[in-house]
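Q: model this:
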Amino acid sequence: MVPTAIALLAITAVVGICLIPLVTGNYEGHGQDPNWDKTHTIITSIDEAVKLFGGDLLLDKLELQQNSPKPYTEFILEYRDKKDKNKKDRETWRMLSAQVLYGGKQFDVKDDYVNLTIFFRDDDPFIIGSDEYPGYESLLEKSNATKTVHGITVKYRNGQDKAFQYCFCAEFKHQGYVYFLESYSKENPNLSWDTLNQML
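A: The predicted structure is shown next:
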């Protein structure tokens, strides 16, 4: 598994977009790269993520309220290796990926879940992609559907697959950063827009 699992696996696993849930274990695999810890930081608490990454990235609004089970959350920041400055200096940040797993367990993509990927540069090659790896924009499959949420234009695409009745992908910009949101639900058609409305 490639160390940049969040981007590469997420992209590869959803080549059919919004129609194929991300593979389980997409946050594993970094053990093969001895330098992984120098360029990545993992947080499993929303409060800690906001404290470390900043309160302006909408991270505290990603999880919808659910009493039981308590959703499992995970945030992974990828940055350039600049010793101790990397975590605090956004100039070194490449992408921040987050998951909310409503089944309550890590790697559980059998139940409803949401993925969020934030790119800190709008020219990041993982957005457009290449012949080898489809970019995140391929998640939308050139969809022209848009909706304005609290003044922010959201480009989106709906779909479904065998595992999830309601698959959804969206792209929007916030404070100059590019956001990609994916949601997968078996029974809740509102998971996508409830999440976006809460975030924005």
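
Q: relative to N188, how far out is the nearest residue to Q175 once chain neighbours are set aside?
A: Ranked by C-beta to C-beta, 6 or more residues apart in numbering and with sequence neighbours excluded, the top spatial neighbour of Q175 is D56, at 6.2 Å. The C-beta positions use only the backbone N, C-alpha and C, and glycine is treated the same way. In this view, D56 and N188 are 28 Å apart by C-beta to C-beta, to the nearest Å.

Q: could you do Q175 as well?
A: Distance from Q175 to N188, counting by C-beta to C-beta: 29 Å.

Q: which one's more surrounded, the two?
A: With neighbours defined as other C-beta atoms under 10 Å, Q175 and N188 compare such that N188 has more, 15 against 9.

Q: tell me which element the more buried one falls in.
A: Using DSSP states H and E, N188 sits in no helix or strand.

Q: ok, it - contacts?
A: Taking C-beta atoms under 8 Å, 6 or more residues apart in numbering, we find N188 in contact with 112, 166.

Q: hang on, R80 packs against R94?
A: Yes. Assessed by C-beta atoms under 8 Å, R80 is found in contact with R94 at 7.0 Å.

Q: pick out whichever of those two has more residues nearby.
A: The neighbour comparison of R80 against R94 (other C-beta under 10 Å) goes to R94, with 18 against 13.

Q: shouldn't that one be within a strand?
A: Yes. Assessed by DSSP: H, G, I helix; E, B strand; the rest coil, R94 belongs to a strand.

Q: flag the shaky bits of the chain, pLDDT-wise.
A: 1-38, 81-87 (pLDDT under 70).

Q: excluding chain neighbours, give the residue nearest to E182 in space.
A: N115 (4.3 Å).

Q: is it true that that neighbour touches L181?
A: Yes. With contact defined as C-beta under 8 Å, N115 reaches L181; the gap is 7.3 Å.

Q: find residues that contact each of these two.
A: Residues touching both N115 and L181 by C-beta under 8 Å, 6+ apart: none at all.

Q: so Q198 belongs to a strand, correct?
A: No. Counting by three-state DSSP, Q198 is located in no strand; its state is helix.

Q: give me the nearest residue to it, chain neighbours excluded.
A: Among residues not flanking Q198 along the chain, K61 sits closest, at 5.0 Å (C-beta to C-beta, 6+ apart).
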